[in-house]
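Visitor: here is my input, please return the structure:
(one chain, ligands or ions: 1)
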Amino acid sequence: MRDERSAGSLSAFHLDSVRPLIEVIREFGSISRSDLIERTGLSRAVVGHRVADLVERGLVASGNLGESTGGRAPRLLRFRAEAGHLLVADLGATGAEVALTDLAGRVLAQRSEKEDLDVAAGPETILGRIREIFEELQQEHGDAIGPLWGIGIGVPGPVEFTTGRVISPPIMPGWNQFPIREFFGGYGVPVWVDNDANVMALGETRAGCARGHDSVIFIKIGTGIGAGLIMNRRIHRGADGCAGDVGHIQVTADPNVVCRCGNIGCVEALAGGAGIARSAEQAAGDGRSAMLKGILAERGVLTAADVGWCAAHGDQASVELVTNAARLVGGVLATLVNVLNPSMIVIGGGVSHVGDPFLAAIRETLYGRSFPLATRALAIQPSTLGDTCGVIGLAAMVADQLFSREILGEWLPRGRPSAVAV
Ligand SMILES: [Zn+2]
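Guide: Presented below is the predicted three-dimensional model:
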């Protein structure tokens, strides 16, 4: 083992055997040696050598006693999630969730910045504030855990994953091509940037209501609409990173429906939070809803949440607005289901809280327009992780990257992933 380690790089054979071992130990948290042999298909001798190496490197430790199968209870091997920590920040349009996690993605400390971080303030301002919060979290909690191993940033826009750059984001003025990864270069650890819906999809799959599902669609209906796709338990990003950007699928040819992306008739322009609010203002203005008109007169502005409230309190025009938006989303989801055949759809984002009729209308349209085989075992659920969904997903994404074959081979010989080029 020693000679392979001192060589400064791992042999392909070593990497090919050590990576599946770490993957299985990470997945189960703790596992017996015989289960490890069975799940990886590696020989007892190879598992013995590699586990000894991983114990020496501080990634695996002896854990509790497992269940006895007749003889002496086996000592389980456990992933040392405390060997290092991760810093993650999930940026929304107007706020951010920032967290310090262990290597298993457990949130050890979280900070919510609800209103004070308008993404339109530009990358230097927003990321500068995130860096301050990172430092506060490390000062408060960093001593309780191993050193920093990686950073993850989630953003509400399309991300070129290989470079970590946001490309022409509709709601992030000033961020186009900004070098987010380089901004955090001073930490000396790898940095990954991903789309917010992608990491939320991963969060629900690893720790939320979609746990155990291999194929999942997470649709985020907030101010805008986006989706994260999980295929074979991993984020499906497509060739350039923008798979799942479903908000700009065209649902009407009406030239009056202009989306903020510049195109005509996008589902986001009608069924996103801003679109629903715009329709509500029309309903208040043309006399279809006295209730909406009253709120508009009082506050000068209407939101999707107001429409949800009015719908729940018997306002027929609001019920129609909610139902129409939900049918449009349901139609887009039906197409996705026919293409991808997921076993679960998770619905998140602010607009998903407007009430039961919204989810009911999505379900009705979706089941009515998808192939029966594709919906036979399909579950549809609201997001369960709430504000922690994005940061949990980011931590899982960063850990997946750190333990991926390519990156692991870079850092394992040196002990930990400081300054690995990604
Ligand atoms: Zn659009």
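
Visitor: for the closest residue to the ion within the stretch 1-150 of the chain, pull up the helix or strand it's in.
Guide: Closest approach between the stretch 1-150 of the chain and the ion, counting by C-beta to the ion: Ala93, at 15.2 Å. C-beta here means a position set from N, CA and C on the backbone, and glycine is covered the same way. Using DSSP states H and E, Ala93 sits within no helix or strand.

Visitor: wait, what's in contact with it?
Guide: Counting by C-beta atoms under 8 Å, 6 or more residues apart in numbering, Ala93 makes contact with Asp118, Val119, Pro156, Ile171, Gly222, Thr223, Gly224.

Visitor: ditto for Ile151
Guide: Contacts of Ile151 (C-beta under 8 Å, 6+ apart): Leu86, Leu87, Val88, Phe134, Phe184, Tyr187, Val189, Pro190, Val191, Trp192, Val398.

Visitor: which one of those residues sits closest to Thr162?
Guide: Within the contacts of Ile151, the smallest distance to Thr162 is 10.1 Å, found for Trp192 (C-beta to C-beta).

Visitor: and that closest one, how far from Ala395?
Guide: Trp192 sits 11 Å away from Ala395, going by C-beta to C-beta, to the nearest Å.

Visitor: comparing those two, which residue is more hemmed in?
Guide: Ala395 (31 against 24; other C-beta atoms under 10 Å).

Visitor: which strands and helices lie in contact with the helix or strand containing the more buried one?
Guide: Of the helices and strands defined by DSSP H and E, Ala395 is found in helix 389-402. Counting contacts by 3 or more C-beta pairs under 8 Å, 6 or more residues apart in numbering; DSSP states H and E, helix 389-402 is packed against strand 85-91, strand 96-102, strand 107-113, strand 148-155, strand 191-195, helix 196-207, helix 405-411.

Visitor: per-residue pLDDT, the closest residue to Arg39 other than its chain neighbours?
Guide: Excluding the flanking residues, the one nearest Arg39 by C-beta to C-beta, 6 or more residues apart in numbering is Val24, at 4.9 Å. The per-residue pLDDT reported for Val24 equals 94.

Visitor: what comes up buried for the helix or strand where Val24 lies?
Guide: Here Val24, judged by DSSP H and E, is contained in helix 12-28. Within helix 12-28, the residues scored as buried using 16 or more other C-beta atoms under 10 Å are 14-15, 17-26, 28.

Visitor: kindly report the same for stretch 262-277.
Guide: Buried residues in stretch 262-277, defined by neighbour count with 16+ other C-beta under 10 Å: 265-277.

Visitor: now do the buried residues in stretch 303-322.
Guide: Residues 303-311, 315, 317-322 are the ones in stretch 303-322 that count as buried (16+ other C-beta under 10 Å).

Visitor: helices - which of these land there?
Guide: 304-311, 317-322 (DSSP state H).

Visitor: quick revisit: can I get the contacts of Ile151 in a markdown table with distance to Leu333 and pLDDT?
Guide: As requested, those are exported to a markdown table (distance: C-beta to C-beta, whole Å; pLDDT from 0 to 100):
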| residue | distance to Leu333 | pLDDT |
| --- | --- | --- |
| Leu86 | 32 | 97 |
| Leu87 | 34 | 98 |
| Val88 | 28 | 98 |
| Phe134 | 36 | 97 |
| Phe184 | 35 | 96 |
| Tyr187 | 39 | 94 |
| Val189 | 37 | 95 |
| Pro190 | 34 | 95 |
| Val191 | 33 | 97 |
| Trp192 | 28 | 97 |
| Val398 | 29 | 97 |
